[in-house]
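> Show me the folded form of this:
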Amino acid sequence: MKYTKYYLLTLSIIIIDQAIKLTVYKTFPYEGYYIPVLGNWFKLHYITNPGMAFGIEIGSQYGKMILTIFRLVAMVVIGIYLYRLAKKDTHPGLLWCIGGILGGAIGNVVDSTFYGALLGDDLVSMIYDPGTKEMVMPPTPWFHGKVIDMFYIDICNCYIPSWVPIFGGEYYALWPIFNFADASIFVSVCIIVIFQKKFFKESEKK
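Predicted structure coming up:
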């Protein structure tokens with residue numbers, strides 16, 4: 001249990017994350033559909049993210065493959081890092097946070113690795129199949145799936161000045177649409193930053 005409890009947290013996050021994503025995928029009629037939860041500022045809004053955070057993509061035909069492979073490598077590195085930290089009797093708070101980050105990372109890796117081939121692409125990409133005479137969702141290759149997002153804190157649609165690199169000249173939501181895996185990573189990283197002096201106290205002494 002010295003190591004297992006942290007990996008159990010990771011597994012729990014993966015299960016919850018995938019359950020939410022598949023529920024949204026199966027129950028929401030189309031991508032872009034949303035349900036107000038708390039007025040207009042918090043919604044369940046079904047979208048798919050083809051790239052990294054904020055929808056940033058690697059611009060090449062192999063960009064999606066490169067991004068997914070990077071995520072897979074990062075997942076393995078974080079898993080090994082967690083094991084080594086646990087062996088060194090690291091502060092439990094840090095280990096729980098690393099477990100949370102690992103769970104979030106794997107949750108999004110599952111989407112980008114399997115969803116394209118198993119679930120097909122998003123509903124916007126439906127095409128007409130002359131054989132069945134129906135609209136169908138074309139599958140995408142393995143490792144090319146999109147990540148499903150659904151939590152939307154809609155505070156404002158803010159204009160970014162044109163002089164800002166990459167994002168300039170466009171309107172962006174103050175808070176991006178995210179999923180449970182993203183939230184797990186974000187909260188874990190915030191806790192590490194806030195309590196870093198406590199978590200890394202022993203390392204500083206050595």
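> okay but W41 is in contact with D154, surely?
Yes - between W41 and D154 there is a contact under CB atoms under 8 Å: 5.3 Å. Bear in mind the C-beta positions are built from the backbone N, C-alpha and C, glycine included.
> When the two are compared, which one has more neighbours?
Using other CB atoms under 10 Å as the criterion, W41 and D154 rank with D154 on top: 17 against 13.
> Report the mean confidence score over the helix or strand in which H45 is found.
Using DSSP states H and E, H45 maps to strand 42-49. Averaged over strand 42-49, pLDDT sits at 88.
> Show me what it is packed against.
helix 4-27, strand 34-38, strand 147-153 (3 or more CB pairs under 8 Å, 6 or more residues apart in numbering; DSSP states H and E).
> if you set the cut-off to 7 Å instead, what comes out?
Packing partners of strand 42-49 (3 or more CB pairs under 7 Å, 6 or more residues apart in numbering; DSSP states H and E): strand 34-38, strand 147-153.
> Now the longest one: buried residues?
Counting neighbours by 16 or more other CB atoms under 10 Å, one finds that the buried residues in strand 147-153 are V147, I148, D149, M150, F151, Y152.
> do stretch 90-104 as well
T90, H91, L94, L95, C97, I98, G99, G100, I101, L102, G103, G104.
> With pLDDT added, can I get those residues in a markdown table?
Below are the buried residues of stretch 90-104 laid out as a markdown table (pLDDT from 0 to 100):
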| residue | pLDDT |
| --- | --- |
| T90 | 87 |
| H91 | 90 |
| L94 | 94 |
| L95 | 94 |
| C97 | 96 |
| I98 | 95 |
| G99 | 95 |
| G100 | 96 |
| I101 | 95 |
| L102 | 95 |
| G103 | 94 |
| G104 | 93 |
